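Chemist: take this sequence and fold it.
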Amino acid sequence: MTSKKPKMTPTVSLIIPTLGRTLEIQRLLDSLLLQTNQDFEVIIVDQSNDNHLAPIINKYQEDLSLTHVREQKKGANRARNIGIQYSSSEIILWPDDDCWYPDNVIESVIEIYKKYPNANGMAGMLIDTVTGRHSRWFPRKTKRMSLLQAFCFGNEPVISFKKSAFENDRWIW
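Modeler: I've put the predicted structure just below:
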């Protein structure tokens, strides 16, 4: 495991399971560098048989609070559960490794949890407010989005929850 630890406990942990993807991880990490709120840590749970992600991880460790966990047992949900053990934040996000975020996703998630402090979790998907289309039909350009236009600029939903709810209710994914 390699990691760059934050100076203070971050508000958000992003747990990213991956298996054999490099370009997609780079695209996701590039989108995280552009976030308007940088109060987060990234935990990549790498299930690849080799260590081909190491150079990519090294490239981003100067700019992101990043932990690289190697896990030989396969399964996205297993990797997410492992990632939780390494997280230090109350708010957990689970982006897929082929997803990328508009620049205000982290900021929006934090704002929603502040607005609804009793919420234990949420899920969202980017919907174009003009056409009503799901994000898979969007052009591949990033743009600033409103709080009501939820989260992921790929074709996957964004799932987030409070770590305390996970621990207290013993959710298993």
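Chemist: quick check: residue 43 touching residue 12?
Modeler: No. Contact criterion C-beta atoms under 8 Å: residue 43 and residue 12 do not qualify, at 11.0 Å. In this view, the C-beta of every residue, glycine as well, is placed from N, C-alpha and C.
Chemist: between these two, which is the more surrounded one?
Modeler: Higher neighbour count among residue 43 and residue 12: residue 43, with 27 against 24, using other C-beta atoms under 10 Å.
Chemist: so what's that one scoring on pLDDT?
Modeler: Looking at residue 43, its pLDDT is 97.
Chemist: what's the spacing between residue 62 and residue 40?
Modeler: Between residue 62 and residue 40 the computed distance is 16 Å (C-beta to C-beta, to the nearest Å).
Chemist: which one's more surrounded, the two?
Modeler: residue 40 (22 against 8).
Chemist: ramachandran angles for the more buried one?
Modeler: phi -150, psi 160 (degrees, to the nearest 10).
Chemist: which residues does it contact?
Modeler: 10-14, 32, 65, 89, 93, 106 (C-beta atoms under 8 Å, 6 or more residues apart in numbering).
Chemist: and the pLDDT for it?
Modeler: Residue 40 is given a pLDDT of 97.
Chemist: so how far is residue 31 from it?
Modeler: Taking C-beta to C-beta, one finds residue 40 at 12 Å from residue 31.
Chemist: and if you look at residue 79?
Modeler: 20 Å.
Chemist: report the buried residues of the helix or strand containing residue 82.
Modeler: Assigned by DSSP states H and E, residue 82 belongs to helix 76-86. For helix 76-86, the neighbour count (16 or more other C-beta atoms under 10 Å) marks 76, 79-84, 86 as buried.
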